[in-house]
Structure formats: structure tokens, C-alpha cells
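Trainee: The sequence and its predicted three-dimensional model are supplied below.
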Amino acid sequence: MSTAIIGAGVMGETLLGGLIRAGYAPADLIVTDRRPERGVELAAKYGVTAMDSAQAAAQAETVVLVVKPQDMAGVLDEISSSVKAHTLVVSLAAGITTAFIEKHLPAGTAVVRVMPNTPALVDEGMAAINAGSTCSEENLETVEKLLRSVGHVVRVPEKYQDAVTAISGSGPAYIFYVVEAMIEAGVMLGLPRDVSTELVLQTVYGAATMLRETGEHPTVLREQVTSPGGTTVAALRQFDDFKVRAAFLSAMEAARDRSKQLGE
């Protein structure tokens, strides 16, 4: 089955590369971009076919829309007349509902909405998917297979997708933000930048690995590090005094609300 990726930005190329690493034949993959030279570049790099969006939609069994939310309506109008009755349309645009996409495509078109994240670049992505009104179990399984080429997949009701966007969609940026702050703190405390960076990166990687492999609740693991009257509890007290937990909650509420706004 041929798959077209419409939108050849970072996430589009990430998915393209992941599909090829997972064993998808380049001959069955199509890529499009608003900049024709970008499509030509990826065609040469991966051995796939580059063409315009309308042609891609006419030929592909699965059409993956990897475009900005504000560009979605224009792209849908461009491909609508080319989408066949059995075509599966997959959207990776934040905030855009399946109902919005269905309204711009022929009646009965199967639509799946996806919220991915950037760790897909290293095949450790987290994607949440939900079905549109006419989507079948087979359609969902097709999308799960595509996305497992670059990470993990979970099904959710569509009403949760704005929250998913705030947690895992935007989540890598929160982690990078904390890592950046910890590295700068190490430099401020007198460590060479390269040493501080290595200490922080391995600490974050090790902590995430502990969470996944032990299955313990993060509270349990945190308490194991927090000796009474020790250094860790002194640091955590500062986080509480500065209301860091509350700030995270407020930040994720803001991300969820922005996702809703993009959909509107």
C-alpha cells in the first residue's frame, strides 16, 4: 500500500525515515512539500517519489498530513477532489479535529488524528491517535503500524487530544528546558560546561530508564533519593517555595488551551 507524506518538514522527514528503517519500500512512499526543491531533495536522499499534493492524494492509499494547523484548510481544499473513496487520511496537526478534516473531504473519508512528538527523531516518539466518524479498526491498525516505526502509540478518545498535546506533544520542550537550567546551574556552581552537560544528560537518561524499567511510581523513586535533612530535601524545599509544581500545571493548562485555539 502506498503512503504519501504531505509536508516535508522535520516531522515529515522523521516519519519518512522511520518508515524506511522499519522496512517500508521507498517505491511505495511519496513525499510532497510546498517547496518543490525540498521534495526533490528528499526523493534523492531516500529514494522515494516526489510530486505535488493533489497527485499524491490521487495515488496513495494512505495520506499523512504533516502541516501546520493554520495551513490545514488550504491543503485539504487542494487534495479534496483527488482523495478516493477508500483513502485513509491521517492528520498530525495540533488542535485540528477529525470533524474539521471530514468536512473538507468527500463524505465517508476515513480520518485518523494523531498527536506525535519530536523524540520520533530517535525512534522514541510518543503518539496518541483517535478515530474519525467513519474510521474502521483496520484503519487504526494501519496508523499504529506507521507510527510504531518511530516510537510508541496509544489510542485515546478525541476529547483528550488537547491534553495529550500539552503533555507529550509539547512535553519534550519542558524536559529540554529543565535540562538546560540544570546545566547552567552546574556551570554557576563551578563545573566545566562539558562536565555539567554529561552529568545532567546521564542523570536524566538514568532517571527515565529507572521509571520505565522498575515500574515504580515517581513518588517512590523520589523518596528513595530524599534522605531526611539531606541535600535533596533542601533542593526540593526550594522547588516548593517557588511553586514549581504549580507552574508546571499552569504551563500545561496554557498549552492545552492553545491547542483548542488552534483548532478553532
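Mentor: Thanks, I have it. Residues are numbered from 1 along each chain as shown.
Trainee: which residues of this protein fall in strands?
Mentor: Assigned by DSSP state E, the strands in the chain fall at 3-6, 29-32, 49-50, 62-65, 88-91, 110-115, 125-131, 151-155.
Trainee: what bits of the stretch 51-200 of the chain have low per-residue confidence?
Mentor: For the stretch 51-200 of the chain, no stretch is flagged by pLDDT under 70.
Trainee: how close does L16 sit to A50?
Mentor: 11 Å (CB to CB, to the nearest Å). Where C-beta positions appear, they are placed from N, C-alpha and C, glycine not excepted.
Trainee: quick one, which of those two is more surrounded?
Mentor: Just comparing L16 and A50: by other CB atoms under 10 Å the higher neighbour count belongs to L16, 26 against 21.
Trainee: so what's that one up against?
Mentor: I5, A8, L29, V31, L42, Y46, V48 (CB atoms under 8 Å, 6 or more residues apart in numbering).
Trainee: burial of V178, as a residue count?
Mentor: When neighbours are counted by other CB under 10 Å, V178 registers 14.
Trainee: Map the structural domains onto the sequence of this protein.
Mentor: Structural domains annotated on the chain: 3-158, 171-263, as defined by automatic domain parsing.
Trainee: thinking again about what came up before, let me have the contacts of L16 in JSON lines, extended by neighbour count and distance to Y177.
Mentor: Output for those, formatted as JSON lines (neighbours: other CB atoms under 10 Å; distance: CB to CB, whole Å):
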{"residue": "I5", "neighbour count": "29", "distance to Y177": "29"}
{"residue": "A8", "neighbour count": "23", "distance to Y177": "28"}
{"residue": "L29", "neighbour count": "22", "distance to Y177": "34"}
{"residue": "V31", "neighbour count": "29", "distance to Y177": "32"}
{"residue": "L42", "neighbour count": "22", "distance to Y177": "30"}
{"residue": "Y46", "neighbour count": "17", "distance to Y177": "32"}
{"residue": "V48", "neighbour count": "23", "distance to Y177": "35"}
